[in-house]
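Colleague: Can you look at this prediction? I've put the sequence above it.
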Amino acid sequence: VASVLGGCQRRELAVERRAGESGHAPGRARRRRGTDASALVPITAHRLVQLQLVIIYLFTGLAKASGGTWYNGSALYYALSSRTFQRFPTLLEPILSSMPGQLVLMVSTWLTLAWELGFVVMVLWAPTRRWALIIGLAIHAGIAATMMVGSFSFATAWCYLAFLPYAWASRSRITARWTR
């Protein structure tokens with residue numbers, strides 16, 4: 001945790017020092033000297049959200065890998081067969097009762113497990129970060145569409161915003177509305 005947050009705190013302190021030297025508030029310093037706005041945003045909260053997701057996926061992946069239903073590929077079949085969590089039982093029945101549907105669920109189970117175990121490496125390595133997030137969004141969209149688990153999928157997908165670069169947020173329409 002210290003290695004992840006250590007760089008964030010040094011960056012924030014450097015920004016405060018620069019602002020203090022000029023005698024202006026950080027907002028004025030940014031406008032006057034053209035300082036990158038991302039250097040002025042405290043990123044400790046972002047790092048904590050990132051760390052939380054990495055820990056969640058790593059430990060759930062390890063727990064699932066040691067269990068029988070994830071290892072043999074039947075976990076999604078049983079999860080979707082449970083009347084407790086089914087969102088649309090009549091739509092899921094053809095998938096659950098057909099051999100091609102069961103094969104898709106088996107492959108999806110293994111892909112989900114592989115993604116959870118590989119998330120740490122994929123999200124930390126910049127060339128695969130986008131794919132880690134896209135696959136995660138697809139998995140959570142599938143969970144939201146087929147299972148009733150409250151706001152789990154939406155909350156987790158919302159946390160993916162912490163992995164997006166600042167430049168992406170500064171180009172979005174949402175950010176433009178907030179800064180008016």
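Modeller: Everything's here; your move.
Colleague: longest helix anywhere in the chain?
Modeller: For the chain, the longest helix by residue count, based on DSSP state H, is helix 99-124.
Colleague: right, and the helix or strand after it?
Modeller: Sequence order places helix 126-146 as the next helix or strand after helix 99-124, per DSSP states H and E.
Colleague: Identify each buried residue in the helix or strand just after that following helix, please.
Modeller: Proceeding N to C from helix 126-146, the next assigned helix or strand is helix 152-159, under DSSP H and E. Buried residues in helix 152-159, counting neighbours by 16 or more other C-beta atoms under 10 Å, are found at 153, 156-157, 159. To be clear about C-beta, it is placed using only N, CA and C from the backbone, and glycine gets the same treatment.
Colleague: And stretch 63-79, by the same measure?
Modeller: Residues of stretch 63-79 classed as buried: 64, 70, 73-77, 79 (neighbour count, 16+ other C-beta under 10 Å).
Colleague: Same question for stretch 46-66.
Modeller: 46-47, 49-50, 53-54, 57, 61, 64.
Colleague: And stretch 112-125, by the same measure?
Modeller: 112-113, 115-120, 122-123.
Colleague: Show the average pLDDT along that stretch.
Modeller: For stretch 112-125, mean pLDDT is 93.
Colleague: In terms of helices and strands, where is Arg83?
Modeller: Here Arg83 is assigned to no helix or strand, by DSSP H and E.
Colleague: residue contacts, Met106?
Modeller: Taking C-beta atoms under 8 Å, 6 or more residues apart in numbering as the criterion, Met106 is in contact with 73-74, 76-77.
Colleague: Thanks again, I'm all set now.
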